[in-house]
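1. the following block contains a protein sequence and its predicted model.
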Amino acid sequence: MLSLSAIESTVDTMVDRALHETDTKLSRATVVVLKDILTQSLWQQLNPDNLVSFSEVAKVLGVSIRTVHRIANERQLPTVKFGTNRRSVRRRDLTEWIDAHEETIHSQT
């Protein structure tokens, strides 16, 4: 799980690097606002309360974890990637996917 301070640190590094590499000149106030907006956005998206593990998705859908991986790998279900191997699903995306595939889910049960 990413802490808010870890996200803040990552955003600081990314913005500073991008500004340096592109030789972009922004006021200090603009940079502070930019970093704050990015940090808040990432925190809201990555907040653990909003994320569902693949095993939880499998239980909700009544399928195997392998099936969840297949659906995600086929890009049918949007995922959030952490590091190199860990992925989760935003609760909002899962709800939307279920709504869009409701007939298919019910016909399989």
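-> Sure, I can see it.

2. dump the residue contacts of the nearest residue to Arg87 once chain neighbours are set aside.
-> With Cβ to Cβ, 6 or more residues apart in numbering as the criterion, Arg87 has its nearest non-adjacent residue at 4.3 Å, and that residue is Thr79. For every residue, glycine as well, the C-beta is placed using N, CA and C. Going by Cβ atoms under 8 Å, 6 or more residues apart in numbering, Thr79 touches 72, 87-89.

3. quick one: which of those residues is most hemmed in?
-> When neighbours are counted by other Cβ atoms under 10 Å, Val89 leads the contacts of Thr79 with 24 neighbours.

4. that one reaches Leu77, doesn't it?
-> Yes: at 6.2 Å, Val89 and Leu77 qualify as touching, with contact defined as Cβ atoms under 8 Å.

5. now do the shared contacts for the two.
-> Val57.

6. and the helices in this structure, which stretches?
-> 4-22, 28-46, 54-61, 65-73, 91-100, 102-108 (DSSP state H).

7. could you dump the second one to CSV, C-alpha only?
-> Put plainly, it is helix 28-46. Extracted in CSV, the C-alpha atoms of helix 28-46 (Å, rounded to 0.1, in the frame of the first residue of the first chain):
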residue,chain,number,x,y,z
ARG,A,28,7.1,28.4,-7.8
ALA,A,29,3.4,28.9,-7.0
THR,A,30,2.4,27.1,-10.2
VAL,A,31,4.7,24.2,-9.4
VAL,A,32,3.3,23.9,-5.8
VAL,A,33,-0.3,23.8,-7.2
LEU,A,34,0.6,21.3,-9.9
LYS,A,35,2.3,19.0,-7.4
ASP,A,36,-0.7,19.3,-5.0
ILE,A,37,-3.2,18.5,-7.7
LEU,A,38,-1.3,15.5,-8.9
THR,A,39,-0.8,14.2,-5.4
GLN,A,40,-4.5,14.5,-4.6
SER,A,41,-5.5,12.9,-7.8
LEU,A,42,-3.2,9.9,-7.3
TRP,A,43,-4.1,9.5,-3.7
GLN,A,44,-7.8,9.4,-4.6
GLN,A,45,-7.2,6.9,-7.4
LEU,A,46,-4.9,4.7,-5.4
